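Participant: Predicted model, plus sequence, below.
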Amino acid sequence: MGNPCIQDVSFPASESSHVGKLCLQLNCNSDCIHVLRSMVAVMTARAGMDELRSNRVAIAVDELFANIAAHAYGGKAGRVEIETCICDEAEHGRALVFDFRDFASVAWAGCLKEAANHVPDPENLCPGGLGLRLICKVSDHCEHQALEDGNHWRLIFNINDGENDGCNA
Amino acid sequence: MGNPCIQDVSFPASESSHVGKLCLQLNCNSDCIHVLRSMVAVMTARAGMDELRSNRVAIAVDELFANIAAHAYGGKAGRVEIETCICDEAEHGRALVFDFRDFASVAWAGCLKEAANHVPDPENLCPGGLGLRLICKVSDHCEHQALEDGNHWRLIFNINDGENDGCNA
Amino acid sequence: MDVTLNFEREDRDDTHTLLRIKGDVTIHTSTRLREQLKPLFTTKMQEVHVALDHVDFMDSSGIATLVEGLQWSRLTGGRFVLSGLKDNVKDVFSLAKLDTVFDIEDSTAA
Amino acid sequence: MDVTLNFEREDRDDTHTLLRIKGDVTIHTSTRLREQLKPLFTTKMQEVHVALDHVDFMDSSGIATLVEGLQWSRLTGGRFVLSGLKDNVKDVFSLAKLDTVFDIEDSTAA
Ligand SMILES: Nc1ncnc2c1ncn2[C@@H]1O[C@H](COP(=O)(O)OP(=O)(O)O)[C@@H](O)[C@H]1O
Ligand SMILES: Nc1ncnc2c1ncn2[C@@H]1O[C@H](COP(=O)(O)OP(=O)(O)O)[C@@H](O)[C@H]1O
């Protein structure tokens, strides 16, 4: 990881490091999607993103959460921590960042590049397998780290930049 | 305080104690009202409250947050932690609980009973002073505790119960 | 999901104006409402009409801003009308005991 | 702010049915959509029309459910039409490269 704009996932004691950040801890009930969407609405408004871009950010955040609930926790109750902020990095410019932390024993072991490039076959449609593709398509950077006690996912959306088709993981 | 359903405001390590809880930490920017409202929408839906009751809960939560931002932090950046859950207490039945924690040096020192009974004079209208009255009117219980390093507010809304006009603080 | 408040102004003539509000009126947006509302109250304006058909949520800062509107209208001698209040917005006015203080019409005249 | 999905069904006749959806289609609500959708596909049904005019948000679980609808319609031999997609919902279909796979009409016929 080593992104300087993101602190430890646990909430920092000092106030100043917290300005502009939103941190949410919850159990991965599907209705919590609504809370995530309002966090996205607030942060994309702060970032000055238009409606379409804001919706794309919402899609990525929604899909990542849905995957953690369905695959990491297998549909059972499980704790998820979400942190979002707008960072300013000299190198890459301003970006909207979302960090997801779960405490599941199931670790993602797939390949994001493959998921990103999966194209549906119209003759042989299958209802699943869309989530990761959407995440990779709409985020400027998507990254996963397996931790000793769970997973850390990070989504980055550049601010003031065109849409990005790549997935850098 | 001593309400058995509420743990420490800091996030508990064990997962089970967290089931059904939503915890949010943020800086008291006014746009965060949207995130609070979505938390209310999710929790009142879980509680089976109708639209009008849900809106009343949203009003109380909104006003409490607005007061912390405006009065405890004086409009400046300040950290707020919000925790909500549905509790089942043998004594009082099911209830929807919201806990607010701020770290402001300004402590509320007023009287909630007085605020609750303040009635506007139509000949001499004044634009302020409505927030606490609304909070007390729509919540079944509102309570404040001055802490060494801030304030703790608790709002309780009974579930499956008629509206309550009183303010028990 | 919209975090902003939008306005649409329609002048029926020089003396009657309608302001349509769309969004939630909260501490986050009520100062913008105040900015839109204040200049409408001039001595020649006979009626300022605020249409709330598209307001899903209003808190006390929104009500406080409308109370200011009422005061401005009393100063300039015109009528100040609210219309199209949704049930939950109406509920907040009545909880605040201000439902009888305002001039509230059921539906928004075109 | 609504966390539920609402449905309205209109049968034009025995062979044509319209399902209007109102709300967000997400993992939280897509199983309810599936429950409403599935029984509509019978061998005598010639057209199942899903109106999305009041859907503000749809994620991949919603799209997956509609892909199932397409499969059911292929099995029963009827037409499966979507209409009234808002720009952001359209965007998700095209990101998923499924905008050309579905039969999408611009506006919802009454
Ligand atoms: N957070 C996760 N933890 C573990 N496995 C995951 C996670 N996210 C995705 N996967 C795996 O990747 C597959 C593809 O995911 P996705 O593209 O979202 O489609 P779907 O969820 O519809 O299967 C999943 O079926 C699952 O096996
Ligand atoms: N959280 C708080 N911390 C400190 N003072 C408060 C707080 N909430 C309310 N007050 C005090 O109580 C008064 C009444 O509050 P309220 O009824 O919400 O009306 P208003 O915010 O419009 O003044 C405030 O003006 C303020 O002095």
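Facilitator: Yep, it's here. Ligands and ions are numbered 1, 2, ... in the order given.
Participant: what's the burial count for residue C:53?
Facilitator: With neighbours defined by other CB atoms under 10 Å in any protein chain shown, the count for residue C:53 comes to 13. In this view, the C-beta of every residue, glycine as well, is placed from N, C-alpha and C.
Participant: can you tell me if the helix or strand hosting it touches chain A.
Facilitator: Assigned by DSSP states H and E, residue C:53 belongs to strand C:47-58. No. Shown here: strand C:47-58 not in contact with chain A (CB under 8 Å from any CB of the partner chain), separated by at least 12.6 Å.
Participant: packing partners for that strand?
Facilitator: The contact analysis (3 or more CB pairs under 8 Å, 6 or more residues apart in numbering or on different chains; DSSP states H and E) places strand C:47-58 against strand C:16-25, helix C:60-76, strand C:79-83, helix C:87-95.
Participant: what's the closest of the ones you listed to residue B:140?
Facilitator: Each of the helices and strands packed on strand C:47-58 has some distance to residue B:140 by CB to CB; the shortest is helix C:87-95, at 14.5 Å.
Participant: Surely residue C:9 is in a strand?
Facilitator: Yes. Per DSSP: H, G, I helix; E, B strand; the rest coil, residue C:9 lies within a strand segment.
Participant: Now do residue A:122, the pLDDT please.
Facilitator: Residue A:122 carries a pLDDT value of 72.
Participant: ok, it - contacts?
Facilitator: Contacts for residue A:122 were tallied using CB atoms under 8 Å, 6 or more residues apart in numbering or on different chains; they are D:100, D:101.
Participant: Now it. Its backbone dihedrals?
Facilitator: phi -60, psi -30 (degrees, to the nearest 10).
Participant: check contacts around the closest residue to residue C:103 other than its chain neighbours.
Facilitator: Excluding the flanking residues, the one nearest residue C:103 by CB to CB, 6 or more residues apart in numbering or on different chains is residue C:81, at 4.9 Å. By CB under 8 Å, 6+ apart, the contact set of residue C:81 is C:47, C:48, C:49, C:50, C:103, C:104, C:105.
Participant: Can you give me the neighbour number for the fifth one?
Facilitator: If I follow you right, that is residue C:103. Neighbourhood size, residue C:103 [other CB under 10 Å]: 14.
Participant: Pretty sure it sits against residue C:78.
Facilitator: No. Using CB atoms under 8 Å, residue C:103 is not in contact with residue C:78, being 10.9 Å away.
Participant: about what we covered before: in TSV, list the helices and strands packed on strand C:47-58 along with mean pLDDT.
Facilitator: Converted to TSV, those look like this (pLDDT from 0 to 100):
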stretch	mean pLDDT
strand C:16-25	97
helix C:60-76	95
strand C:79-83	97
helix C:87-95	96
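Participant: rewinding a little: can you check what angle separates the strand holding residue C:53 from helix C:60-76?
Facilitator: Comparing the axes of strand C:47-58 and helix C:60-76 via axes from the mean of the first three to the mean of the last three CA atoms, to 10 degrees yields an angle of 170 degrees.
Participant: hmm, back to that, kindly reformat the helices and strands packed on strand C:47-58 as CSV and extend each row with distance to residue A:140.
Facilitator: Listed next are those as CSV, based on distance: least, CB to CB, whole Å:
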stretch, distance to residue A:140
strand C:16-25, 29
helix C:60-76, 37
strand C:79-83, 45
helix C:87-95, 39
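Participant: Partner strands of the helix or strand hosting residue A:155, with direction?
Facilitator: Here residue A:155, judged by DSSP H and E, is contained in strand A:150-158. If you go by DSSP bridges, strand A:150-158 pairs up with strand A:93-102 (antiparallel), strand A:141-147 (antiparallel).
Participant: Pull out the buried residues from the longest one.
Facilitator: Spelled out, that is strand A:93-102. Residues of strand A:93-102 classed as buried: A:94, A:95, A:96, A:97, A:98, A:99, A:100, A:101, A:102 (neighbour count, 16 or more other CB atoms under 10 Å in any protein chain shown).
Participant: What's the first helix or strand after it?
Facilitator: Going down the chain from strand A:93-102, the next helix or strand is helix A:112-117, by DSSP H and E.
Participant: okay, the angle between the helix or strand that that following helix is followed by and helix D:60-76?
Facilitator: Where DSSP H and E defines the elements, the next helix or strand beyond helix A:112-117 is helix A:131-138. Interaxial angle of helix A:131-138 relative to helix D:60-76 (the same axes, to 10 degrees): 120 degrees.
Participant: Helix A:131-138 and ligand 1 in contact?
Facilitator: Yes. Contact of helix A:131-138 with ligand 1 (CB under 6 Å from any ligand atom) involves A:131, A:132, A:133.
Participant: same for that helix, what does it pack against?
Facilitator: Where contact means 3+ CB pairs under 8 Å, 6+ apart, helix A:131-138 is packed against helix A:51-67, helix A:112-117, helix D:87-95.
Participant: Tell me the gap between the helix or strand bottoming out on mean pLDDT in chain A and the middle of its chain.
Facilitator: Least confident helix or strand of chain A, by mean pLDDT, DSSP states H and E, is helix A:112-117 with a mean of 81. Relative to the centre of its chain, helix A:112-117 is centred 16 Å away, using CA atoms, centre = their mean, to the nearest Å.
Participant: burial count for residue A:28?
Facilitator: Neighbours around residue A:28, by other CB under 10 Å: 22.
Participant: What residues does it make contact with?
Facilitator: A:65, A:68, A:69, A:73, A:77, A:78, A:79, A:80, A:102.
Participant: please redo it, this time with the cut-off set to 10 Å
Facilitator: Residue A:28 sits next to A:65-66, A:68-70, A:72-73, A:75-80, A:102, A:104, D:27 when contact means CB atoms under 10 Å, 6 or more residues apart in numbering or on different chains.
Participant: For the residue nearest to it when sequence neighbours are not counted, report the pLDDT, please.
Facilitator: Using CB to CB, 6+ apart and skipping the chain neighbours, the partner closest in space to residue A:28 is residue A:69 (4.0 Å). pLDDT for residue A:69: 95.
Participant: correct me, but residue A:82 touches residue A:37?
Facilitator: No. The pair residue A:82 / residue A:37 is not scored as a contact, 11.7 Å apart, by CB atoms under 10 Å.
Participant: Compare neighbour counts for the two and give me the winner.
Facilitator: Higher neighbour count among residue A:82 and residue A:37: residue A:37, with 28 against 25, using other CB under 10 Å.
Participant: How about chain A: which residue is closest to chain C?
Facilitator: Here chain A gets closest to chain C at one residue, residue A:41, 4.0 Å apart by CB to the nearest CB.
Participant: Looking at the buried residues of strand A:93-102, spot the one nearest chain B.
Facilitator: Among those, and counting by CB to the nearest CB, the member closest to chain B is residue A:102, at 10.7 Å.
Participant: which residues does that closest one bridge with?
Facilitator: Beta-bridge partners of residue A:102, as defined by DSSP bridges: residue A:80, residue A:151.
Participant: I'd like to know how many residues surround residue A:20.
Facilitator: Residues lying near residue A:20 (other CB under 10 Å) number 15.
Participant: tell me which element it is part of?
Facilitator: According to DSSP H and E, residue A:20 maps onto no helix or strand at all.
Participant: Quick one, grab the pLDDT at it.
Facilitator: Looking at residue A:20, its pLDDT stands at 82.
Participant: which residues touch it?
Facilitator: Contacts of residue A:20 by CB under 10 Å, 6+ apart are A:43, A:46, A:84, A:85, A:86, A:87, B:26, B:27, B:29, B:77.
Participant: let's see it at 6 Å
Facilitator: Going by CB atoms under 6 Å, 6 or more residues apart in numbering or on different chains, residue A:20 touches residue A:85.
Participant: Out of the contacts of residue C:81, which comes closest to residue D:88?
Facilitator: residue C:50 (29.7 Å).
Participant: chain center to stretch C:50-69, what's the gap?
Facilitator: 5 Å.
Participant: What's the end-to-end length of that stretch?
Facilitator: Its first and final residues considered, stretch C:50-69 spans 10 Å by CA to CA, to the nearest Å.
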